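Trainee: need a structure here:
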Amino acid sequence: MEEGRKIGVAVDFSSCSRKALEWAINNVARKGDHLILVNVLPQGHYEETEMQLWQATGSPLIPLTEFCDSHVTKKYGIKPDPETLDIVNLAATQKEVIVLLKIFYGDAREKLCEAVDHIPLNCLVLGNRGLGKIKRVILGSVSNYVVNNCPCPVTVVKSADHS
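Mentor: Reported below is the predicted structural model:
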């Protein structure tokens with residue numbers, strides 16, 4: 001892959017997504033790459049006009065400095081945890097990557113696949129919640145769907161506490 005790649009990481013600010021984020025930073029990201037955090041919020045009735053416009057194509061790309069600001073995160077309806085913010089701030093300074101956030105609204109499976117085309121991404125990294133067989137059948141596996149339907153290389157990072 002050439003310089004300045006766009007590496008997508010699915011984040012929901014859980015421990016599984018932090019593990020995937022750390023894996024992407026340690027194993028894929030290089031100086032000059034764009035690390036794009038893709039967050040999918042459930043479909044809802046959003047009052048703000050901007051959010052209604054973004055439901056089809058997602059939010060604009062949000063720079064790291066903005067999504068570290070509590071006023072901005074409130075505007076977008078997200079709650080990034082301090083640990084994730086520390087990880088991406090460290091990556092931005094030490095690895096010299098450009099960190100951006102893109103928010104989509106709707107079904108995570110479909111929106112993660114759409115993100116690849118909308119942004120566009122060179123690859124996508126996501127965590128695995130480690131659902132058991134029964135829950136996976138009932139709820140469906142986001143990672144399984146994305147691996148089978150995404151038009152770019154996908155890496156699923158399995159959490160160590162889920163064997």
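Trainee: Name the next helix or strand downstream of the lowest-mean-pLDDT helix or strand in the chain, please.
Mentor: Ranked by mean pLDDT, DSSP states H and E, the weakest helix or strand in the chain is helix 133-139, scoring a mean of 50. Beyond helix 133-139 in the direction of the C-terminus, DSSP states H and E gives the next helix or strand as helix 142-149.
Trainee: mind checking how far that following helix is from the chain centre?
Mentor: 14 Å (C-alpha atoms, centre = their mean, to the nearest Å).
Trainee: Can you list the low-confidence ranges for this protein?
Mentor: Scanning the chain for pLDDT under 70 picks out 1-3, 44-56, 129-140, 160-163.
Trainee: how about the helices in it?
Mentor: Ranges of helices within the chain are 15-27, 49-57, 64-67, 70-76, 82-94, 108-118, 133-139, 142-149, based on DSSP state H.
Trainee: now these in CSV, with mean neighbour count and distance to L124?
Mentor: Every C-beta, even on glycine, is put in place using the N, C-alpha and C of the backbone. Listed next are the helices of the chain as CSV, based on neighbours: other C-beta atoms under 10 Å; distance: least, C-beta to C-beta, whole Å:
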stretch, mean neighbour count, distance to L124
helix 15-27, 19, 9
helix 49-57, 13, 17
helix 64-67, 17, 19
helix 70-76, 13, 21
helix 82-94, 15, 17
helix 108-118, 19, 6
helix 133-139, 10, 20
helix 142-149, 17, 7
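Trainee: Make CSV from the ones you listed and add distance to V125 to it.
Mentor: Shown next, in CSV, are these (distance: least, C-beta to C-beta, whole Å):
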stretch, distance to V125
helix 15-27, 4
helix 49-57, 22
helix 64-67, 18
helix 70-76, 22
helix 82-94, 13
helix 108-118, 11
helix 133-139, 20
helix 142-149, 10
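Trainee: for these, which one sits closest to T155?
Mentor: Closest approach to T155 among the helices of the chain is made by helix 15-27 (7.5 Å; C-beta to C-beta).
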